[in-house]
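J.: what follows is a predicted protein model with its sequence.
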Amino acid sequence: MSANVLFEPIAIGDMELKNRIAMAPMNPGYTGPFGYHSDQSTAWYAMRARGGFGLIITECVVMNPHRWGGQESLNPSLLTDERYYRFHSEMLDVLHHYKGVKVCIQLSPGWGRQGHPHAESRDCPAGAPSAIPMETDMRLLNKGWHKQLKRLAPPEIGHLLPDLETIQNMNDEEYSAFRMLVYEVLVKNMPDMAHVIFGDTPRALSIPEIIDLEDRFAAQARAAFLLGYDALEVHAPHGYLIHQFLSPRSNHRHDQYGGSLENRARFLINIVGKTREAVGPNKPLGVRLSGDELMPGGITHDEIKQVVAWCTDAGANFFDISQGSYENPGAAFAPDGEDDYTRWAPGFKEASKGLPIITPNFINPETAAAAISSGKTDIISLGRQSIADPFWPVKAKEGRIKDIVKCVRCGKCYSDLMTAHWLGCTVNPLAGKEKLYPEFWLDTPELQNKVAKFMKRAHGLPQI
Ligand SMILES: Cc1cc2nc3c(=O)[nH]c(=O)nc-3n(C[C@H](O)[C@H](O)[C@H](O)COP(=O)(O)O)c2cc1C
């Protein structure tokens, strides 16, 4: 299979993409204090822009200004405070040096019950649709997660972790004893990790609070386009706040935001509708959704298809696929292999009446090209593979397949994030150190030309 299909242009709204290869949204945890972008954030994206990605989808950016909103974690923010605007526009200025590269911001109203604890907000429970805590079923871990739990466990307790197969096959009684043991060990030794697996109990948001978030979202989306973002994606997958409204597992409300699917989808549909109104008719406005929650009693693929249809009517003009939630981390975000998500793409295509669809989870150009050639998806995105090799698109274009450094699905990137470390990678020694190696990315012909001209003039200056 030729990789040529990956390099065909495609349009979404008023945005022309030079190829079908997107960088999947990934939070690498490089954000500085208060959620400002750091120089490393800019360098991290710039290296991928230099590597040939046609579309860079940013890590999830939070617009929720409340103390429970999500800024306590390592994501950047886009709050109405204009100091945030400066960092976003500085980053965009650098990224737009790269010919034809488009940048899509992933914007979120927050984490809800999947929020992480913070020293300053322990007395301030996260707002969610209902006061129901999340909990990861560790029987649903996969190889990558298991490996990392083993790596992170202090030596004196590492031996208590059974092998993956034993955990996966535990019956309810065995699991309940194991769960208790893990809980005690984590709370004592790794409290950060404990809250990722056993979430805190949130509080139910009031209706005025929900409407305020919808309105603020639309206002910040408009600001994002004014700052220079080319596209915007609403963050609605993975069990985070919007997903919590969609899912009957986490939404037990009895008002207009709970109960029927139409009510559970209201928060998302209002966000899409209000945003479309705020940004005008032609801007690329997408929604990222889990194709299926993959949990008992969670939102199903058939229901998601209906939500996709409503989002389309409300003004969305592309979709980005994911799956699962924190409660099922093996399926969500980090499958051990590749091409596990394309199965949802036909449902999204049909429900959106043919809108462009983005699908992640690839390693090999051949598999990625086949997903597009099959007509199931239009754009492929690389998450962990873009960490392992920022230059994947250029290498795929030049047929240098053997030079591609492949992601080994070890899970290190994720666990670095979960344990509040600077994200690194087992196979790419530059990941997390991009700002120290500008020779790998700060070399666009246009910029070099400008610098050369400037230097020529500077050389004529008199000595002081
Ligand atoms: C370190 C890390 C951070 C992530 N952060 C986000 C995020 O901010 N928003 C999001 O929608 N998905 C996030 N994801 C999920 C990815 O976008 C992607 O769906 C997932 O990694 C599966 O694709 P892959 O197999 O190509 O890596 C993250 C994944 C990783 C590995």
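T.: Received it, and whenever you're ready, just let me know what you need. Computed from a predicted structure; not experimentally measured. Numbers count the residues shown, from 1 in each chain.

J.: what residues does the stretch 151-300 of the chain have near the ligand?
T.: 235, 237, 288 (C-beta under 6 Å from any ligand atom). Placement of C-beta: from N, CA and C, glycine included.

J.: quickly find the element holding the last one.
T.: This means residue 288. Per DSSP states H and E, residue 288 falls inside strand 285-290.

J.: quick one: contacts of that strand?
T.: Under the criterion C-beta atoms under 8 Å, 6 or more residues apart in numbering, residues 12-13, 25, 104, 106, 221, 231-239, 243, 268, 272, 275-276, 279, 299, 304, 307-308, 311, 315-325, 332, 348, 358 lie in contact with strand 285-290.

J.: for stretch 266-280, same thing?
T.: Contacts for stretch 266-280 (C-beta under 8 Å, 6+ apart): 109, 129, 210-211, 213-215, 217-219, 221-222, 225, 232, 234, 236, 242, 245-246, 256-257, 285, 287, 307, 310-311, 314-316.

J.: if I look at residue 160, how far off is the ligand?
T.: 26 Å (C-beta to the nearest ligand atom, to the nearest Å).

J.: cool, and residue 349?
T.: Distance from residue 349 to the ligand, by C-beta to the nearest ligand atom: 18 Å.

J.: which positions in the helix or strand containing that residue come out as buried?
T.: Using DSSP H and E, residue 349 sits in helix 345-351. By 16 or more other C-beta atoms under 10 Å, the buried positions in helix 345-351 come out as 345, 347-349, 351.

J.: out of those residues, who's nearest the ligand?
T.: Set against the ligand, the nearest of the buried residues of helix 345-351 by C-beta to the nearest ligand atom is residue 345 (13.4 Å).

J.: returning to what we had before: give me the buried subset of the contacts of stretch 266-280.
T.: 109, 129, 210, 213-214, 217-218, 221-222, 225, 232, 234, 236, 242, 245-246, 257, 285, 287, 307, 310-311, 314-316.

J.: which ones among the residues you listed map onto helices?
T.: 210, 213-214, 217-218, 221-222, 225, 242, 245-246, 307, 310-311, 314 (DSSP state H).

J.: domain-wise, how is this structure divided?
T.: 3-117+203-446, 148-197 (automatic domain parsing).

J.: so where does residue 37 fall, helix or strand?
T.: Per DSSP H and E, there is no helix or strand for residue 37.

J.: what sits against it?
T.: Contacts of residue 37 (C-beta under 8 Å, 6+ apart): 30-31, 76, 87-88, 90-91.

J.: so who does the closest residue to the ligand within the chain touch?
T.: The ligand sits closest to residue 383 of the chain, with a gap of 2.5 Å, by C-beta to the nearest ligand atom. Residue 383 makes contacts with 23-26, 333, 360-361, as judged by C-beta under 8 Å, 6+ apart.

J.: near the ligand too, which of these?
T.: Restricting the contacts of residue 383 to those near the ligand - C-beta under 6 Å from any ligand atom - leaves 24-26, 333, 360-361.

J.: residue 339: which element?
T.: Residue-wise, residue 339 maps onto no helix or strand under DSSP H and E.

J.: wait, what's in contact with it?
T.: By C-beta under 8 Å, 6+ apart, the neighbours of residue 339 are 361-362, 367, 371.

J.: same check, this time on residue 183
T.: Residue 183 touches 194, 198, counting by C-beta under 8 Å, 6+ apart.

J.: now do residue 419
T.: With C-beta under 8 Å, 6+ apart, residue 419 has these contacts: 152, 190, 192-193.

J.: try residue 392
T.: Contacts of residue 392 by C-beta under 8 Å, 6+ apart are 21, 51-52, 365, 382, 385-386, 404.

J.: now, of those residues, which are buried?
T.: Using 16+ other C-beta under 10 Å, the buried ones in those are 21, 51-52, 365, 382, 385-386, 404.

J.: go through those residues and flag which are in strands.
T.: 21, 382 (DSSP state E).

J.: got the buried ones among the contacts of residue 392 as CSV, with pLDDT columns?
T.: Formatted as CSV, these follow (pLDDT from 0 to 100):
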residue, pLDDT
21, 98
51, 97
52, 97
365, 98
382, 98
385, 98
386, 98
404, 98
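
J.: what's the closest of the buried ones among the contacts of residue 392 to residue 64?
T.: residue 386 (26.8 Å; C-beta to C-beta).

J.: what separation do you get for that closest one and residue 45?
T.: Counting by C-beta to C-beta, to the nearest Å, the gap from residue 386 to residue 45 is 10 Å.

J.: quick one: common contacting residues for these two?
T.: Joint contacts of residue 386 and residue 45 (C-beta under 8 Å, 6+ apart) are residue 23.

J.: which parts of this protein are strands?
T.: 10-12, 15-17, 21-23, 55-62, 102-108, 127-128, 203-204, 231-235, 285-290, 318-322, 357-359, 379-382.

J.: and the third one, how far out from the chain middle?
T.: The one in question is strand 21-23. On the basis of C-alpha atoms, centre = their mean, to the nearest Å, strand 21-23 is displaced by 13 Å from the centre of the chain it belongs to.

J.: quick check: closest non-adjacent residue to residue 331.
T.: Closest residue to residue 331 apart from its sequence neighbours, by C-beta to C-beta, 6 or more residues apart in numbering: residue 324 at 4.1 Å.
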